[in-house]
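*Asks:* show me the folded form of this:
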Amino acid sequence: MMYGKLCTEFYDLDKRFADADEISFYQPCLDQADVILEPMCGSGRLLIPLLQQGYSIHGVDNSVSMLESCKQRARARGLDPVLYHDSIETMDLPCRYNVILIPLGSFQLLYPRSAAYQALSNFNRHLLEGGKLILDLFVPWDALSKRNENEFNTKEVLTPDGGKIVYQSHDQINIYDQNIYSEAVYKKIINDQIVADEYEQMHISWYYRYEMELMLEKFGFRHISFQEKIFRDENHMLFIAEK
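*Replies:* Residues are numbered from 1 along each chain as shown. From the prediction side, this is the model:
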């Protein structure tokens, strides 16, 4: 999937920059000497705070809107990040990295599964020998426990121009394919008038522990470690695999 302009505006207002607690969550896996790649970096929610902490980190994303927002937000803080506009399944970047880090389940947006397989193969190719892939994944246990095939969600954020963006989604859960298909619409409203709207389709896949470990092994990773952590009352599955 590719995030559009209105989605980016909503995301930047809704999602905070990673705070000290989140940085601390990943820090044990990182070293200041590492050159890090964050695929699916978006508008820099994690990338910019890591740059501010002194880490050398590059970003890649397939959304022009997200990357432009990342550049603007970084420059406002005196930073000039290395960013690439590319698909992570097919990217061929000029650098090789000590660490590839994908936080908060972003990897699970890859669909179909063949796209996830291509990405894992490409991550291996972009790592230096002995480099690490860090994947932070989740299983949507709340959605599974409801066993409801359809869910409707609404959320809104206020915009600096005095308006608001309303997000409405319809999610269809397939527990057998381990996938949530979401259709969403963003509407920007100023003075009770819709001034912009944007439609979005998204898939969220999930993987269980041993399934993911087998996938990592299949695509050339070794010394795979698994940690299950609770962070902000949410269950995280942290996989660390070495090339």
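
*Asks:* pull the longest helix from the protein.
*Replies:* helix 113-126 (DSSP state H).

*Asks:* beyond it, next helix or strand please.
*Replies:* strand 127-137 (DSSP states H and E).

*Asks:* quick check, pLDDT for residue 21.
*Replies:* Note for residue 21: predicted pLDDT of 89.

*Asks:* how about the one 4 residues further on?
*Replies:* Note on residue 25: pLDDT of 89.

*Asks:* which phi and psi does the closest residue to it other than its chain neighbours have?
*Replies:* Excluding the flanking residues, the one nearest residue 25 by Cβ to Cβ, 6 or more residues apart in numbering is residue 231, at 5.6 Å. In this view, the C-beta of every residue, glycine as well, is placed from N, C-alpha and C. The phi/psi pair for residue 231 (degrees, to the nearest 10) reads phi -130, psi 120.

*Asks:* count of neighbours near residue 231?
*Replies:* By other Cβ atoms under 10 Å, 14 other residues sit near residue 231.

*Asks:* and for residue 170?
*Replies:* 13.

*Asks:* show me what the helix or strand of the chain with the lowest mean pLDDT is packed against.
*Replies:* Among the helical and strand segments of the chain, the one scoring lowest on mean pLDDT, DSSP states H and E is helix 141-146, with a mean of 79. With contacts taken as 3 or more Cβ pairs under 8 Å, 6 or more residues apart in numbering; DSSP states H and E, helix 141-146 sits against strand 164-174.

*Asks:* list the contacts of residue 39.
*Replies:* Going by Cβ atoms under 8 Å, 6 or more residues apart in numbering, residue 39 touches 59-61, 88, 91, 100, 102, 106, 119, 123.

*Asks:* could I get the buried residue list for the longest helix of the chain?
*Replies:* For helix 113-126, the neighbour count (16 or more other Cβ atoms under 10 Å) marks 115-116, 118-120, 122-124, 126 as buried.

*Asks:* any idea which of those residues is closest to residue 183?
*Replies:* residue 115 (19.2 Å; Cβ to Cβ).

*Asks:* give me every residue that touches that closest one.
*Replies:* Neighbours of residue 115 in contact, by Cβ under 8 Å, 6+ apart: residue 89.

*Asks:* got it, and residue 230?
*Replies:* residue 236.

*Asks:* in a helix, it, correct?
*Replies:* No: under DSSP: H, G, I helix; E, B strand; the rest coil, residue 230 sits outside any helix and is assigned strand.

*Asks:* check what pLDDT it gets.
*Replies:* Reported pLDDT for residue 230: 77.

*Asks:* same thing with residue 147?
*Replies:* Turning to residue 147, the model gives it a pLDDT of 63.

*Asks:* surely residue 215 is in a helix?
*Replies:* Yes: residue state for residue 215 (three-state DSSP) corresponds to a helix.
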